[in-house]
Every structure is written in structure tokens, then in C-alpha cells.
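**Student:** Just the structure for this:
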Amino acid sequence: MKYIKIPFLLIWRLWFYLLMIIAIFVLSPFLLIFSFREDHYHIFWRVARILSKVLVYGMGFRLDFETEEVIQPDKSYMFCPNHASLIDPFLLIVLSKNPIVFVGKQELARIPIFGFFYKRVVIMVDRSNHKSRKRVFELAKKRLHDGVSMAIFPEGLVPSEDVVLAPFKKGAFSLAIEFEIPIVPQVYYDCKRLFSWDAFKGGIGVIRVRQHKPISTKGMSIDKMEYLKDKTFDIIYNALADDEVYMKDTNRKK
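**Tutor:** Numbers count the residues shown, from 1 in each chain. Here you go, the predicted model:
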């Protein structure tokens, strides 16, 4: 049985990249046209959602999504999910009808084809460079209008299998306080189990996502950043630690 499963998983993994190449090739004219001007970003987002749905549903995943509070279409938010796998950004795009601008690593811009569009829609940051971090604030200020939100995976990486939740970095919370936008904690329970970085793990299944009530930053000063970071961390950590399936998957311990 083991020998049947492994070839299937490898073919299934290759199917993901084939789907991505085909979807980008078909949609590239629209992605290209609507990625050059910021006032076209709402249209670009619709095309990006089509691409993301092709990847998520084309891999056989189904979504079980619950939210504690409906997101207002004309309001900006800072989405903060736990980082579990390569499928995470596409999952977030599928779940949000409102446009989101990602803040991400500049290294991903080197990926062929994908990197071409990545550079046009993601605010890239070099965490070791102070000027780069300052540039994030400047670009964010230009984009946070008309219901456009931001998304940052606060762990900054995909933690190893035995880690429940990696420590959070400060970027998302300093930006949220600076622009007085609510933090929206999202919990991805099944991404690491179903689409692990390990090519010999994973499979078709239901991805459960819980979106917690937004945490207001209205009138919050920068000295409250650690409090905001810890509060968001605790919400996501407790949700993961209380989930038997997530904890049992790789014998994680609280």
C-alpha cells in the first residue's frame, strides 16, 4: 500500500504546479493588464481569485469556513493567519472577496513566471534592511483605501511539523497600529496536514478555517504593539492547541 500511495502523492504534487502554470498562462493577459495601475487592483483581485480557486479546488480541497464577524466591504483590515503550507496565500485569496495586498519576502520574486506577477501585487520587504521596512509603510499608505486590506503571515515562515505556532514578528502589528486597521486572526487547521512541504505527505480533504472577531487598534499607541502581538498569538495558538486533529497529526505538544 505504501508503494501505491507515494507515486500517487508525487503525481498529485506535480499536478499542483501544472495547474499553476496552465492557470497563469490562460489568465496572464488579464493579470498583466490589471497589475500595472493601482486603480485597477480591484479587477486584478477578481482574476487572482479565479486563479486561486483553480488551484485550491483543482487539488481536490474543499473549504469549511466559519467567521465570528462579517467583514465590512468598505473597511480595511490586517489579516493574520498562521503559516502552514504553500497553499495558504491562495486559500486567503479565495476566502476574501475584498482585495488584499500581501506583504511578503522579496526572495519569492525570483520564482519564474510566478515572480513576475508577485512583484506587481506584493509589497516586498527585506527584514534585515531598515530602509526596506520603511518603504513598506510608504507603499501601504498608498494602497489602504476603498476597502483594500493587508495580509501578513506573522510567523514569517512555515514552522517545522512539531511546532504548534512559531513566534510572531512585529511587522503586522506595527502597521495595524500605524494605520488604525483591525487585526483579523485566521486559523488554518488542516493546511500542514493536507499539503505539507514534505512531498510524501498530504492528500485530498476538507480544509477548516476559522476567522476570529477583528481586534480593534483604534487609538492604540505603538507601545501597545507587544500586547497586540501577544493577544493575536494567544487566539491562534489556543485554537490550534485545542484542536485534536491538528495536535495529533505530528504528535505536537502544547
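**Student:** Wait, Ala176 touches Met78, no?
**Tutor:** Yes: at 4.2 Å, Ala176 counts as touching Met78 under the criterion of CB atoms under 8 Å. Every C-beta, even on glycine, is put in place using the N, C-alpha and C of the backbone.
**Student:** what does the model give the residue nearest the centre of the chain for pLDDT?
**Tutor:** Central residue of the chain (CA atoms, centre = their mean): Pro89, 3.6 Å from the mean position. The model reports Pro89 with a pLDDT of 90.
**Student:** Distance of it relative to Val206?
**Tutor:** Counting by CB to CB, to the nearest Å, the gap from Pro89 to Val206 is 19 Å.
**Student:** looking at it, the residue nearest to the centre of the chain is touching Val103, isn't it?
**Tutor:** No: taking contacts as CB under 8 Å, Pro89 lies outside contact range of Val103: 11.4 Å.
**Student:** So the closest residue to Phe30 other than its chain neighbours: helix, strand or coil?
**Tutor:** With CB to CB, 6 or more residues apart in numbering as the criterion, Phe30 has its nearest non-adjacent residue at 4.7 Å, and that residue is Val47. Secondary structure, DSSP: H, G, I helix; E, B strand; the rest coil: Val47 is helix.
**Student:** ok, Val47 - how many residues close by?
**Tutor:** A count of nearby residues for Val47, using other CB atoms under 10 Å, gives 19.
**Student:** That one: what's it in contact with?
**Tutor:** Leu27, Phe30, Leu31, Phe34 (CB atoms under 8 Å, 6 or more residues apart in numbering).
**Student:** ditto for Arg193
**Tutor:** Lys201, Gly202, Gly205, Val245, Tyr246, Asp249.
**Student:** Go again with 6 Å.
**Tutor:** Asp249 (CB atoms under 6 Å, 6 or more residues apart in numbering).
**Student:** what's the helix or strand for it?
**Tutor:** Per DSSP states H and E: Arg193 is located in helix 191-194.
**Student:** State the mean pLDDT of that helix.
**Tutor:** The model assigns helix 191-194 a mean pLDDT of 92.
**Student:** if we can go back for a sec, who touches both of Ala176 and Met78?
**Tutor:** With CB under 6 Å, 6+ apart as the test, Ala176 and Met78 both reach Ile183.
**Student:** Now stretch 203-213: buried residues?
**Tutor:** Ile207, Arg208, Val209, Arg210, Gln211, His212 (16 or more other CB atoms under 10 Å).
**Student:** is it possible to export these to JSON lines including distance to Pro73, secondary structure and pLDDT?
**Tutor:** Formatted as JSON lines, the buried residues of stretch 203-213 follow (distance: CB to CB, whole Å; DSSP: H, G, I helix; E, B strand; the rest coil; pLDDT from 0 to 100):
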{"residue": "Ile207", "distance to Pro73": "24", "secondary structure": "strand", "pLDDT": "97"}
{"residue": "Arg208", "distance to Pro73": "25", "secondary structure": "strand", "pLDDT": "97"}
{"residue": "Val209", "distance to Pro73": "19", "secondary structure": "strand", "pLDDT": "98"}
{"residue": "Arg210", "distance to Pro73": "21", "secondary structure": "strand", "pLDDT": "97"}
{"residue": "Gln211", "distance to Pro73": "15", "secondary structure": "strand", "pLDDT": "97"}
{"residue": "His212", "distance to Pro73": "19", "secondary structure": "coil", "pLDDT": "97"}
